[in-house]
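Visitor: quick one, fold the following:
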Amino acid sequence: MFQIPCCVAKGMTIKEKTERKFAEVTIDKLLKYIDKDPQGNIIKLLDIVEKLLGGIFPKKNLDSIREVIEKGEGVYYDFAMNILNQTDRGVLKKMLLAMGLGAGVHGTKAVRTNRDKYKCNIPFLILMDPTSACNRKCKGCWAAEYGHKENLTFEEMSSVVSQAKELGTHLFMFTGGEPTLRKNDIIRLCEENPDCAFLTYTNGTLVDRAFCDELKRVGNMALAISIEGSKETTDDRRGEGMYQQALESMKLLKENGLLFGMSVCYTSANIEQVTSDEFMDKMIDCGVKFGLYFNYMPVGKDAPVELIPNPDQREYMYKWVRKTRNNKTGKPLFIMDFQGDGEYVGGCIAGGRNYFHINAAGDMEPCVFIHFSDSNIREKTLLEGLRSPLFMAYRHDQPFNDNHLRPCPMLENPDCLRNIISQTGAKSTNLECAESAEQLCSKCDKFAREWAPRAEEIWKNNKHPNPKTQYYRDTPEGKAEFAAKNAKAE
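Guide: Numbering: from 1, shown residues only. As a prediction, this is how the structure comes out:
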């Protein structure tokens with residue numbers, strides 16, 4: 001068996017340590033006096049961030065934030081003040097260093113360089129399942145079927161982080177299973193990698209004061225608490241008492257000044273509840289700073305297809321997210337819809353283009369919802385996996401649709417996934433019961449057909465951002481390949 005190499009450096013370079021120390025001292029000074037002049041010092045903080053970033057991100061984005069703070073009004077001003085007033089200053093500093101310096105500066109430069117160097121997708125973010133074990137059984141969740149059979153060792157997770165940092169990746173999310181069943185190991189990873197930012201999706205049942213103390217100590221991990229709207233809709237999908245448990249976890253996190261958000265799977269049955277003003281206002285009162293919304297995916301042998309939101313509901317979500325993020329009409333928290341926000345990131349971000357997933361058995365999967373693989377971290381390095389036929393097929397075929405309201409190769413373009421699995425021979429990695437590409441994609445065919453004309457209508461009648469994404473087809477080798485194909489076809 002090919003062993004994961006141990007030679008990849010875990011620590012930061014001398015230059016990176018020097019930059020971090022300078023940024024740390026400066027941020028400390030600003031945070032110490034920030035209460036005396038919140039607006040002025042936030043502007044100064046933005047000036048520091050802009051210098052650190054060195055032009056990596058568009059200047060207009062930072063200027064927009066400055067404008068909001070200088071005016072002192074609007075939901076994003078309230079959002080900034082909520083973070084400032086409710087977050088422990090040590091946590092805020094460590095997260096700024098991890099996100100801004102580690103991921104933003106060092107990470108972005110290395111990711112872009114290595115994409116060109118290795119001619120493959122290099123992600124900004126990696127999702128990992130520390131364990132397949134879970135203490136709940138939610139409707140429509142494949143993880144509940146897996147049982148307690150698989151776990152990544154601490155050494156394996158540490159190796160993933162070290163290898164990823166070498167490639168430029170400094171953002172990591174823990175999924176599962178219930179990741180907090182391995183809370184000691186994930187805290188240790190945060191402690192050993194202060195230049196990385198971590199997020200854990202959790203049902204909140206294992207959040208206690210001792211865990212909050214550890215989260216505050218390391219400072220570079222946030223939690224996303226799973227909740228499904230009202231007490232009725234949450235308990236119906238997640239089990240009796242889970243709504244109240246989520247609220248109690250949020251209360252404890254807020255009392256300790258920790259950064260956290262909510263994870264919401266929206267379905268045909270709960271979409272009204274998870275987007276209601278009552279729910280959103282309740283979450284803001286509970287201290288939620290961000291909401292990560294996921295379109296329900298029919299993954300797994302018993303996944304109920306009827307929970308897929310219909311075209312009317314998808315269009316509603318498209319409009320609701322943009323209204324909720326508007327500085328005048330929105331709410332003071334940040335919302336992301338991973339299906340509806342494809343236009344901001346150039347379509348599908350899976351397959352290593354922006355992220356990929358490692359399950360609890362070590363399989364490298366292109367997406368947390370697409371359980372197929374041809375590489376395992378126990379047999380290959382991350383780079384070898386990213387250059388495998390499956391991941392290279394993703395790179396070659398992205399975007400799967402030029403209408404980025406139809407980004408997914410499974411849900412909106414099921415024939416794309418059928419072709420990729422057929423061409424690459426990737427195997428099902430469903431840990432409980434193998435599911436073929438045909439079995440999975442056939443559950444999406446009806447929605448894909450019904451959503452296509454609606455998505456085209458919305459796409460044509462609305463302005464869309466230009467994320468300036470470079471796909472394989474835009475590279476010199478891609479242009480040559482597609483030009484040759486077009487010439488042959490003619």
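Visitor: relative to Q245, how far out is T180?
Guide: Distance of T180 to Q245, given as Cβ to Cβ, to the nearest Å: 13 Å. Any C-beta I mention is one placed from the backbone N, CA and C, and that applies to glycine too.
Visitor: where do the contact lists of those two overlap?
Guide: Common neighbours of T180 and Q245, using Cβ atoms under 8 Å, 6 or more residues apart in numbering, are T205.
Visitor: helix, strand or coil for I349?
Guide: Look at I349: counting by DSSP: H, G, I helix; E, B strand; the rest coil, its state is coil.
Visitor: state whether it and F356 are indeed in contact, as I suppose.
Guide: No - using Cβ atoms under 8 Å, I349 makes no contact with F356, being 9.4 Å away.
Visitor: now do the contacts for S388.
Guide: M364, D374, S375, K380, T424.
Visitor: neighbour-wise, which of these leads?
Guide: Neighbour tally across the contacts of S388 (other Cβ atoms under 10 Å): the maximum, 26 neighbours, falls on M364.
Visitor: quick one: that residue and F372 touch, right?
Guide: No - at 10.2 Å, M364 does not count as touching F372 under the criterion of Cβ under 8 Å.
Visitor: what's the domain layout of this structure?
Guide: As assigned by automatic domain parsing, the chain contains the domains 14-104, 107-386.
Visitor: who has more neighbours out of T180 and Q245?
Guide: Here T180 and Q245 are compared on neighbour count by other Cβ under 10 Å; more neighbours surround T180, at 25 against 21.
Visitor: what about T108, neighbour count?
Guide: Based on other Cβ under 10 Å, the number of other residues close to T108 is 17.
Visitor: mind checking the SS state of it?
Guide: Here T108 is recorded as helix under three-state DSSP.
Visitor: longest helix in this protein, please.
Guide: Counting residues, the longest helix in the chain under DSSP state H turns out to be helix 14-33.
Visitor: after that helix, which helix or strand is next?
Guide: helix 38-53 (DSSP states H and E).
Visitor: using PDB, list the CA coordinates for that next one.
Guide: The C-alpha atoms that make up helix 38-53 are tabulated as PDB, following Å, rounded to 0.1, in the frame of the first residue of the first chain:
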ATOM      1  CA  PRO A  38     -16.100  51.400  16.300                       C
ATOM      2  CA  GLN A  39     -16.600  52.900  12.900                       C
ATOM      3  CA  GLY A  40     -13.200  54.500  12.700                       C
ATOM      4  CA  ASN A  41     -11.300  51.400  13.900                       C
ATOM      5  CA  ILE A  42     -13.200  49.000  11.600                       C
ATOM      6  CA  ILE A  43     -12.200  51.200   8.700                       C
ATOM      7  CA  LYS A  44      -8.600  51.000  10.000                       C
ATOM      8  CA  LEU A  45      -9.000  47.200  10.200                       C
ATOM      9  CA  LEU A  46     -10.200  47.100   6.600                       C
ATOM     10  CA  ASP A  47      -7.100  49.200   5.600                       C
ATOM     11  CA  ILE A  48      -4.900  46.500   7.200                       C
ATOM     12  CA  VAL A  49      -6.800  43.700   5.500                       C
ATOM     13  CA  GLU A  50      -6.400  45.400   2.200                       C
ATOM     14  CA  LYS A  51      -2.600  45.700   2.600                       C
ATOM     15  CA  LEU A  52      -2.300  42.100   3.700                       C
ATOM     16  CA  LEU A  53      -4.300  40.900   0.700                       C
END
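Visitor: helices or strands up against the helix or strand containing F447?
Guide: Using DSSP H and E, F447 sits within helix 445-460. Under the contact definition 3 or more Cβ pairs under 8 Å, 6 or more residues apart in numbering; DSSP states H and E, helix 445-460 sits against helix 311-324.
Visitor: next, the angle helix 445-460 makes with the helix it packs on.
Guide: Angle between the axes of helix 311-324 and helix 445-460 is 40 degrees (criterion: axes from the mean of the first three to the mean of the last three Cα atoms, to 10 degrees).
Visitor: three-state assignment of S162?
Guide: helix.
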